[in-house]
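A.B. asks: I would like the atomic coordinates for the input below:
(chains A and B)
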Amino acid sequence: MGSWAFIGLAYGVALVALLGYLLLLKRRLRSTQEELTALDRPVERRRG
Amino acid sequence: MEARTVVSSAPWVSEEGRGRFRSSATTKAFGAAAVIVLATGLTLGLLVVPPDAVQGQVQRIMYLHVPSIVTAYLAFAVVFCFSILYLWKRELRFDAVAVSSAEIGVVLTGITLATGSIWGKSTWGVWWTWDARLTLTAILFTIYVGYLMLRTFAEEPQAAARYGAVLALIGFLDIPLNHMAVQWWRTLHQPSSILRPGGPSVAPVLLLPLGVMFLGLVLLYLYLLSERVRLERLRHQTADLRLKRGRRG
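C.D. replies: I've put the predicted structure just below:
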């Protein structure tokens, strides 16, 4: 492997890790928001 | 974890906070600034500055490896401070910052270990060696993975926060030990070249991309922390609402 291959591997691994974490975080946020909205809904109906 | 009994505390889970389904303007600004600064740092580090006189091109891994671990240290320092605040005040909002910061710190330490291993293979000829600095970084990673795992075993959020805070205080001791390892022991890893007595030994031209990449990673950390704390807050609100439903039902 040449120097640039090692550099590409290092930066590639970091990019995958950070992007992966960010996407996972966004998915967890969306899922929790949906859960909270679903929990809120019956109360709104009763109040209405 | 969200469905467990929760001893929550307002205003952390107050009604007014329930509308926070979107990232704040500050969070978005951190994210945008991180992208711009990291792109600048990558351009400087990979394309503009000359290669190292001894290691050649492969030294460019340093512009990612060093800022990653320094930002991870920062993340764990935040865990340490907010764990103390939690143990003092017993408010879950402090624990939320601690656990959020720990998660990001683990990602950054993982990146440090991976990039260090790749750099090691290209310069030392091995992916891994039981060197003091490498071993202590692996221990640091394990401590905070353990911190995140330990919390999942606790029955209640307050217990998870308490166990986590105690482990965070003990685990933080690994950081000064890790930093000093290259001075105290004869290691394969090079001695500190930036945070050292007498100032940095790195050529000023190489310090610029290093500083820019560090700033970019700190901005990215602040963006991720803000989003991760928002997730924790939503989880607490969900658990609180479940608890109220349970009481009514």
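
A.B. asks: Let me know the secondary structure of B:Pro50.
C.D. replies: Classification of B:Pro50 by DSSP: H, G, I helix; E, B strand; the rest coil places it in coil.

A.B. asks: okay, now it: neighbour count?
C.D. replies: A count of neighbours around B:Pro50, defined by other Cβ atoms under 10 Å in any protein chain shown, yields 9. C-beta coordinates here come from the backbone N, C-alpha and C atoms, glycine included.

A.B. asks: quick one, phi/psi of it?
C.D. replies: For B:Pro50, the backbone dihedrals (degrees, to the nearest 10) come out as phi -70, psi 160.

A.B. asks: For it, list the residues it contacts.
C.D. replies: Shown in contact with B:Pro50 (Cβ atoms under 8 Å, 6 or more residues apart in numbering or on different chains): B:Val205.

A.B. asks: Kindly report the same for B:His179.
C.D. replies: Applying Cβ under 8 Å, 6+ apart to B:His179 gives the contacts B:Tyr73, B:Ser192, B:Leu195.

A.B. asks: So which elements touch the helix or strand containing B:Leu225?
C.D. replies: Assessed by DSSP states H and E, B:Leu225 sits inside helix B:204-248. Counting contacts by 3 or more Cβ pairs under 8 Å, 6 or more residues apart in numbering or on different chains; DSSP states H and E, helix B:204-248 is packed against helix A:3-47, helix B:25-43, helix B:62-89, helix B:92-123.

A.B. asks: Make CSV out of those and add distance to B:Gln183 and mean pLDDT.
C.D. replies: Listed next are the helices and strands packed on helix B:204-248 as CSV, based on distance: least, Cβ to Cβ, whole Å; pLDDT from 0 to 100:
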stretch, distance to B:Gln183, mean pLDDT
helix A:3-47, 26, 89
helix B:25-43, 28, 96
helix B:62-89, 16, 96
helix B:92-123, 18, 96
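
A.B. asks: mind giving me CSV with those and columns for mean neighbour count and distance to B:Leu167?
C.D. replies: Compiled in CSV, the helices and strands packed on helix B:204-248 are given as follows (neighbours: other Cβ atoms under 10 Å in any protein chain shown; distance: least, Cβ to Cβ, whole Å):
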stretch, mean neighbour count, distance to B:Leu167
helix A:3-47, 15, 22
helix B:25-43, 16, 28
helix B:62-89, 22, 9
helix B:92-123, 23, 10
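
A.B. asks: Output those helices as TSV; include the columns distance to B:Ala138.
C.D. replies: Formatted as TSV, these follow (distance: least, Cβ to Cβ, whole Å):
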stretch	distance to B:Ala138
helix A:3-47	16
helix B:25-43	26
helix B:62-89	12
helix B:92-123	7
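
A.B. asks: Tell me which of these lies nearest to B:Leu231.
C.D. replies: With Cβ to Cβ as the measure, helix A:3-47 is the member of these nearest B:Leu231 (5.1 Å).

A.B. asks: Quick one: name the residues of chain A near chain B.
C.D. replies: Residues of chain A found near chain B (Cβ under 8 Å from any Cβ of the partner chain) are A:1, A:3-4, A:6-7, A:9-11, A:13-14, A:17-18, A:21-22, A:25-26, A:28-29, A:32-33, A:35-36, A:39-40.
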